[in-house]
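**Student:** predicted model and sequence below, questions to follow.
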Amino acid sequence: MFGTLRTLIAGADARAETHLRDVYAIELIDQKIRETEGQMRAAKATLASLIQRTRSEERLLAALDARIATLTQRATEALKAERQDMATEAATAIAEMENERTLRRATIDRLEAQTTRLRTSVERGHRRVIDLKQGAVTARAIRAEQKIQARLNTTLGGVSAADEAQELIDRVIGRDDPLEQAQILGEINAGLDQSGLDDRMAAAGFGPATKTTAADVLARLTK
């Protein structure tokens, strides 16, 4: 039982979260884009730091190469002058600097590899942000259209209101004419009380007319 309740609660929470994500989709999109842009700024700062460190190592390596070249020249001249002591001291310094040069070159190679990977990630991330912003523009346009359509449906009251209006029109138009109905009732009543029998028989030519007609008036005037 408790397992079923947990499942139902979890399902309700999931539906509520889905509803919230639908309602606030545009706000969530903007927030995620801002988070992505924040990550991109951090990545760019790291990339700038790597490039700066690489350039610093390259400058130190260039200075080291120049120093080695100078000491090598001096050691050569000391040997020619048979100053073994000074030549040995220079050779020791050159050996240390060459070892340092090897380490610095390895450091530069490592930094350049890291810079290349990070630069690729930054470029990919930059294109991704552009795509996200374009998608956000499309999402806003669609949401605006949905809101306009919703307001239009509310204003018109939907299809059911139109159907109801048409039904009322049909009822008014299709209603019986009360004047015609009164005439028909008069005819029916006349037939029931025989008050119209003399008129009908006179009109059929049986007996004198009960009413003066236009033909009677014209016949009298022509005499």
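**Tutor:** In hand now; what should we look at?

**Student:** after the helix or strand hosting Arg41, which helix or strand is next? Please name it.
**Tutor:** Per DSSP states H and E: Arg41 is located in helix 25-80. As assigned by DSSP H and E, the chain's next helix or strand after helix 25-80 is helix 84-156.

**Student:** average pLDDT for that next one?
**Tutor:** Per-region confidence: helix 84-156 scores 87 on mean pLDDT.

**Student:** what helices and strands are in contact with it?
**Tutor:** On a contact count with 3 or more C-beta pairs under 8 Å, 6 or more residues apart in numbering; DSSP states H and E, helix 84-156 meets helix 25-80. C-betas here are computed from N, CA, C, even on glycine.

**Student:** tally up the residues packed near Gly38, please.
**Tutor:** 10 (other C-beta atoms under 10 Å).

**Student:** next one: Glu167
**Tutor:** 10.

**Student:** going forward, begin numbering at 11 instead of 1
**Tutor:** Sure, I'll start numbering at 11, so the last one becomes Glu177.

**Student:** which SS class is it?
**Tutor:** The three-state assignment at Glu177 reads helix, by DSSP: H, G, I helix; E, B strand; the rest coil.

**Student:** just the pLDDT at it, thanks.
**Tutor:** pLDDT at Glu177 comes out at 73.

**Student:** state the distance from it to Gln49.
**Tutor:** 60 Å (C-beta to C-beta, to the nearest Å).

**Student:** and what of Glu122?
**Tutor:** Using C-beta to C-beta, Glu122 is found at 23 Å from Gln49.

**Student:** among those two, which residue is more densely surrounded?
**Tutor:** Glu122 (15 against 12).

**Student:** so who does the more buried one touch?
**Tutor:** The contact partners of Glu122, by C-beta atoms under 8 Å, 6 or more residues apart in numbering, come to Thr64.

**Student:** could you redo the last one with a cut-off of 6 Å?
**Tutor:** Residues counted as contacts of Glu122 (C-beta atoms under 6 Å, 6 or more residues apart in numbering): none.
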